[in-house]
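*Asks:* Predicted structure and sequence below. I'll ask about it afterward.
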Amino acid sequence: ALKQLRGQQPPPGQQPLTEVVAMTGDGTNDAPALTVADVGFAMNSGTSIAKDAADILLLDDAFSSIVSAVKWGRNVYDSITKFLQFQLTANVVAVSTACAGAILLHESPLSAVQMLWVNLIMDSLASLALATEAPTDAMLDLAPCRPDQPLITPTVAKHVGGQAAFQLTVLAAMLLGLHGTAGGAGTAAAAAGATQAAAGALQALSAPLSALFGDVQDA
């Protein structure tokens, strides 16, 4: 029913129905509403029909559990967003450095082993740290996300672009400096270790640097 209402054109002067609807109930007469709602909460003490019609069962029959579920749901979405922001930034910098170095220096500054190290070791540990943060009460102050809202929002794209540009600028300066001092065929080999160390340090700073561009959830 809600999908049909959302698919219909609203009357003149009214806005379309875009809000997410939640319903709580414990009786048999609540089953139709629990089925139609986007999210149905049933009490553990309710009837079996209400439990079958609901999406989430409140084992403790406490409405505070709904608040906790909302907080955890928003925390999962926020963690996924931060994970994507970190991974995209790290990969954009790594690929851009390898391609630019191969074109300008005729040899990639990052070897295959170093690329695997960046992706398997450094990115994995940092991503786990970002994805396992516990929710806070501040999550409840955030505006709810629309069901059709993309994960890569303009704000996230701005963060990725800004941080990638900063890291690429530092790495380019290091590579050009080493190219002028080392020279010849040993340029890429000499730059590889310094590039890897700098990439690791800058990637570890990706999460704190996001504060310079605003919070992930800011509009």
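*Replies:* Looks like it arrived, so ask away.

*Asks:* these two touch, right, Leu168 and Val93?
*Replies:* Yes - counting by C-beta atoms under 8 Å, Val93 is a contact partner of Leu168 at 5.9 Å. From N, CA and C alone the C-beta is placed, and that goes for glycine too.

*Asks:* the more surrounded of these two?
*Replies:* Each of Leu168 and Val93 has its neighbours counted (other C-beta atoms under 10 Å); Val93 has more, 24 against 16.

*Asks:* And the next helix or strand past the host helix or strand of that one?
*Replies:* For Val93, the host element (DSSP states H and E) is helix 64-104. Using DSSP H and E, the helix or strand that follows helix 64-104 towards the C-terminus is helix 112-117.

*Asks:* tell me what that next one is packed against?
*Replies:* Packing partners of helix 112-117 (3 or more C-beta pairs under 8 Å, 6 or more residues apart in numbering; DSSP states H and E): helix 187-204.

*Asks:* What residues of stretch 104-115 count as buried?
*Replies:* Using 16 or more other C-beta atoms under 10 Å as the test for burial, stretch 104-115 gives Leu105, Ser108, Pro109, Leu110, Gln114, Met115.

*Asks:* Give me the secondary structure label for Leu130.
*Replies:* Taking DSSP: H, G, I helix; E, B strand; the rest coil as the rule, one finds Leu130 in the helix state.

*Asks:* check contacts around it.
*Replies:* With contact set as C-beta atoms under 8 Å, 6 or more residues apart in numbering, Leu130 has these partners: Ser79, Lys82, Phe83, Phe86, Ala207.

*Asks:* can you redo these as a markdown table with neighbour count?
*Replies:* As requested, these are arranged in a markdown table below (neighbours: other C-beta atoms under 10 Å):
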| residue | neighbour count |
| --- | --- |
| Ser79 | 17 |
| Lys82 | 21 |
| Phe83 | 18 |
| Phe86 | 24 |
| Ala207 | 17 |
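
*Asks:* Redo those as CSV? Include distance to Ser127 and pLDDT.
*Replies:* Shown next, in CSV, are those (distance: C-beta to C-beta, whole Å; pLDDT from 0 to 100):
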residue, distance to Ser127, pLDDT
Ser79, 10, 84
Lys82, 9, 83
Phe83, 5, 83
Phe86, 6, 82
Ala207, 10, 48
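
*Asks:* show me where pLDDT drops low in this structure?
*Replies:* The chain contains residues with pLDDT under 70 at 1-10, 16-17, 122-123, 178-219.
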